[in-house]
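Participant: how would this look folded up:
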Amino acid sequence: MAGNFHVVECPDCGNEQTVFGRASTVVTCVVCGSTLATPGGGRAQFTGDVVETVEVRE
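Facilitator: Here you go, the predicted model:
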């Protein structure tokens with residue numbers, strides 16, 4: 001399965017969390033419970049800022 005892993009910063013508390021770029025479920029922040037990513041037809045839609053791409057898989 002191809003896809004990237006991204007470090008996403010929570011818009012509410014600033015926590016940074018690694019999220020798969022093709023997440024098929026809603027991803028929430030482990031600290032405050034805010035939504036970080038939602039499924040978007042193959043690629044996740046991030047609500048927080050993407051800080052960096054951790055690993056690129058092809």
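Participant: report the contact partners of the closest residue to Cys29 other than its chain neighbours.
Facilitator: Nearest non-adjacent residue to Cys29, counting by Cβ to Cβ, 6 or more residues apart in numbering: Cys10, 4.3 Å away. Just so you know, the C-beta spots here come from the backbone N, C-alpha and C atoms, and that holds for glycine as well. Counting by Cβ atoms under 8 Å, 6 or more residues apart in numbering, Cys10 touches Glu16, Gln17, Cys29, Val31, Cys32, Ser34, Leu36, Gly48.
Participant: let's have those in JSON lines, adding neighbour count.
Facilitator: JSON lines is the format used below for these (neighbours: other Cβ atoms under 10 Å):
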{"residue": "Glu16", "neighbour count": "14"}
{"residue": "Gln17", "neighbour count": "18"}
{"residue": "Cys29", "neighbour count": "21"}
{"residue": "Val31", "neighbour count": "12"}
{"residue": "Cys32", "neighbour count": "12"}
{"residue": "Ser34", "neighbour count": "14"}
{"residue": "Leu36", "neighbour count": "24"}
{"residue": "Gly48", "neighbour count": "24"}
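Participant: which of the helices or strands spans Val54?
Facilitator: Here Val54, judged by DSSP states H and E, is contained in strand 49-57.
Participant: can you pull the buried residues of that strand?
Facilitator: Residues of strand 49-57 include none that count as buried (16 or more other Cβ atoms under 10 Å).
Participant: so how far is His6 from the residue nearest to Cys13 when sequence neighbours are not counted?
Facilitator: Nearest residue to Cys13, sequence neighbours excluded (Cβ to Cβ, 6+ apart): Cys32, at 4.4 Å. Distance of Cys32 to His6, given as Cβ to Cβ, to the nearest Å: 19 Å.
Participant: does the residue most central in space within the chain sit in a helix, a strand or a coil?
Facilitator: Against the mean C-alpha coordinate of the chain, by Cα atoms, centre = their mean, the closest residue is Val19 at 3.5 Å. With DSSP: H, G, I helix; E, B strand; the rest coil as the basis, Val19 sits in strand.
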